[in-house]
Structure formats: structure tokens, C-alpha cells
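K.L.:
Here's a sequence, model it:
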Amino acid sequence: MRTSPLFPFLLPVIAFAVLSASAQDRSDERTRPDPALDDAVKAQSGIPFARYGDREIALDLYRPAEKSGPLPAIICIHGGGWFKGTRANMRNLARALAARGFVTASISYRLSGEAEFPAAIHDAKAAVRFLRAEADTLGIDSDAIGVTGLSAGGHLAALLTTSGDVEELEGDGGNAERSSRVQAGIAMGAQSDFLTERIGTLSATPGNPHYTPFLGGTQEEIPETYRLASPRHHIDRNDPPLLFLTGELDDPSTHADGARDDLEKLGIPTGLTVFPGAPHAFLGRQRAFDAAVDVCDEFFSKHLKGR
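P.N.:
Next up, the predicted model:
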């Protein structure tokens, strides 16, 4: 990986990085589960972390087999346009990061067909509070919790990272006495500003399965909801480091230029890594997946283990 020099006027900022490309990257094989991790990582499936009446939301937990706690934790949030996908989609990433010395939690959340925004972020925040409440039992360092996610999950990861004090986004999923703040975030293939012209156009497109079902209307109809759902519009100087990863073939909006500029102005560590030849769902490509694991390990080790 080639990394450019740090911004001379913002030393804490993680520099923009582009991985060197080759023709072989464009025909990369699909990501396969690593059998070597079967003995290196212990898993617990279907742990409930939030309840809404009879509705129960669960997570799968992974931890390194040879390490005891307390360890830093990383929440992994799946994509699927907020209307599809399952926590199993993040199993490969969660296992790979657990093998690097983290406790990882791949979480479910209520999809847009069940409940509109802010239900999904309510669930993500409930997961953070649950990990803190159960930190001693789960072997977690409650002061070192990070989050990552891909696509819709990347948006939720970025929103979780930047909305530590937004009461409207907390929800009532349990453990209200605990903080939902995270100490570092990585957003992959994520939208960070829902008030752009591009998203306004998409939200007004008949049959669009993403923004209107998720948020309950078009950008023109409910601009304040689009603002509330935008990670960029919650950024303040109390936010933790937030890194952005994306595929070279993804839409440039996933570069989060505006959000990164805002973070840089506040001196908050941020940056962008682009995986060459990779699509939007780059975790499905082995070469990009392996590179992403390395980037996540380096970033979270610095900002969670290094605390």
C-alpha cells in the first residue's frame, strides 16, 4: 500500500491512500472463508442485545481463542441498502479481525421493510450499550469499542461514530444508563451526506428501494430527516477518528470528500483508502478483502489498542 505524506498542517490526520493497481486486480477471485481461523477464533451465535416488546435483535460474537480479556471490540454492520442482508454477511470480516486480537460482534438490525429510520441506528447504538453493559462477561474493554460496516452498514457505522450526543438516535433498546459512543469508526462504501443533489434525485426516482423506504419519503419531502440521517451533519470536535474505505469502481460519493474536509478542519484523524479495480461490495473480492483487513487492523490497533 502506498501512502502519501501527512497533511503538514494536520498531523493527526490519516493521509489519503490509494493501493497500487494491476490488471490482475480486476479479475480478483471471490472471498472465501479462511479454514485456518476455525481454531484461531471462538464464536458465539445468536446473542440477544436489544428487545422491543416481543421483537429480539441478536448478534454473533467472535474472539481470539488464545487471548483473554479485556480486549478492544469492533461492531460489524452488514449492508444491503437498509432493506436486505443479514449479520452473516459480515462473518468473514468479523472472524478475520478477531484473529488479529479483537472481540468482534456482527449485528442484526431492523431493516426498512420492518421499521423506518431511525430504527436501524437505534439498534446499532443498543449494540454498543450492550457490549459495555456486558463487558466483564464478554472480556471487552468498555473504553475501546469501534465500529465498521459496508454500504448501508458503512453509513450506519459513520452515523454511529459521529452522533454520540444525538438523543433522537439513541432509541430504547436497553441499557440506557450506558454510553453509545464509540472510540473509532471505519465506513466502507458509505454515503455520508444525504442532502446532496445526487441523493435527492435518487430518492425521487419511482421504485427506488433505498432512500425513500428507509427514511419514509423523498429528500424534498422530509429534508430534516435526511439531515438527521447524515453522518456529516453531526460532526463536531468530540468525534473519534473516522476512516473511509471504498472500491475504485464505486461512486465517487463514497469518498466522503465533504465529511473528511469537516473532520480535518477539526483535527480529527480521518482518511480515504481506495482499493483498485474493486466494486462497491469490495469485501466480496479476496484481494480487496485481505487489504481491508490489514487497514482495519492497523487503524483499530492504533485507536483502540493504543489508547
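K.L.:
pLDDT of stretch 250-268, averaged?
P.N.:
Throughout stretch 250-268, pLDDT has a mean value of 98.
K.L.:
next one: stretch 160-167
P.N.:
95.
K.L.:
ok, residues contacting that stretch?
P.N.:
75, 121, 124-125, 128, 147, 169, 179-182, 184-185, 187, 228, 231-232, 234-236, 238-240, 242 (Cβ atoms under 8 Å, 6 or more residues apart in numbering). C-beta here means a position set from N, CA and C on the backbone, and glycine is covered the same way.
K.L.:
In strands, which of the residues you listed fall?
P.N.:
Within those, residues falling in strands by DSSP state E are 75, 147, 184, 185, 187, 242.
K.L.:
partners of the second one in the sheet?
P.N.:
Beta-bridge pairing for residue 147 (DSSP bridges): residue 75, residue 185.
K.L.:
where along the stretch 101-250 of the chain do the helices fall?
P.N.:
119-133, 135-138, 152-162, 197-203, 211-215, 223-228 (DSSP state H, counting those that start in this stretch).
K.L.:
Of these, which is nearest residue 80?
P.N.:
When the helices of the stretch 101-250 of the chain are ranked by proximity to residue 80, the top entry is helix 152-162, at 5.8 Å, counting by Cβ to Cβ.
K.L.:
and the angle for that closest one with strand 184-188?
P.N.:
What separates the directions of helix 152-162 and strand 184-188 is an angle of 150 degrees, with axes from the mean of the first three to the mean of the last three Cα atoms, to 10 degrees.
K.L.:
from the middle of its chain, how far away would helix 152-162 be?
P.N.:
Remark: helix 152-162 is offset 5 Å from the chain centroid, using Cα atoms, centre = their mean, to the nearest Å.
K.L.:
buried set for that helix?
P.N.:
152, 153, 154, 155, 156, 157, 158, 159, 160, 161, 162 (16 or more other Cβ atoms under 10 Å).
K.L.:
Local confidence estimate at residue 69?
P.N.:
As predicted, residue 69 sits at a pLDDT of 76.
K.L.:
Surely it is in contact with residue 103?
P.N.:
Yes. With contact defined as Cβ atoms under 8 Å, residue 69 reaches residue 103; the gap is 7.3 Å.
K.L.:
Mutual contacts of those two, please.
P.N.:
Contact with both residue 69 and residue 103 is made by residues 138, 139, 140, according to Cβ under 8 Å, 6+ apart.
K.L.:
State the distance from residue 159 to residue 137.
P.N.:
Per Cβ to Cβ, to the nearest Å, residue 159 is found 28 Å from residue 137.
K.L.:
Actually, residue 37.
P.N.:
Note on residue 37: its distance to residue 137, by Cβ to Cβ, is 23 Å.
K.L.:
Of those two, which one has the most company?
P.N.:
Neighbours were counted for residue 37 and for residue 137 using other Cβ atoms under 10 Å; residue 37 has more, 17 against 8.
K.L.:
ok, and what's touching stretch 45-62?
P.N.:
Stretch 45-62 is contacted by residues 41-44, 87-88, 91, 94-95, 97-98, 103-110, 123, 126-127, 130-131, 138, 172-174 when judged by Cβ under 8 Å, 6+ apart.
K.L.:
Return the subset of the residues you listed lying in strands.
P.N.:
Of these, the ones assigned to strands by DSSP E are 41, 42, 43, 44, 103, 104, 105, 106, 107.
K.L.:
Without its sequence neighbours, what residue ends up closest to the third one?
P.N.:
For residue 43, the nearest residue in space outside its immediate sequence neighbours is residue 62; the separation is 5.2 Å by Cβ to Cβ, 6 or more residues apart in numbering.
K.L.:
before we move on, the earlier item: output the ones in strands among the contacts of stretch 160-167 in a markdown table; the columns should cover neighbour count and distance to residue 207.
P.N.:
A markdown table is the format used below for the ones in strands among the contacts of stretch 160-167 (neighbours: other Cβ atoms under 10 Å; distance: Cβ to Cβ, whole Å):
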| residue | neighbour count | distance to residue 207 |
| --- | --- | --- |
| 75 | 28 | 32 |
| 147 | 31 | 31 |
| 184 | 25 | 37 |
| 185 | 31 | 32 |
| 187 | 32 | 27 |
| 242 | 29 | 32 |
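K.L.:
which two of these lie the greatest distance from each other?
P.N.:
Using Cβ to Cβ, the ones in strands among the contacts of stretch 160-167 span at most 14.1 Å, a distance reached by 75 and 242.
K.L.:
how distant is stretch 124-131 from the center of its chain?
P.N.:
13 Å.
K.L.:
Can I get that stretch in CSV, CA atoms only?
P.N.:
Provided in CSV are the C-alpha atoms of stretch 124-131 (Å, rounded to 0.1, in the frame of the first residue of the first chain):
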residue,chain,number,x,y,z
ALA,A,124,-26.6,-0.1,16.4
LYS,A,125,-26.5,2.1,19.4
ALA,A,126,-28.2,-0.6,21.5
ALA,A,127,-25.4,-3.0,20.5
VAL,A,128,-22.7,-0.6,21.8
ARG,A,129,-24.5,-0.2,25.1
PHE,A,130,-25.0,-3.9,25.4
LEU,A,131,-21.3,-4.6,24.9
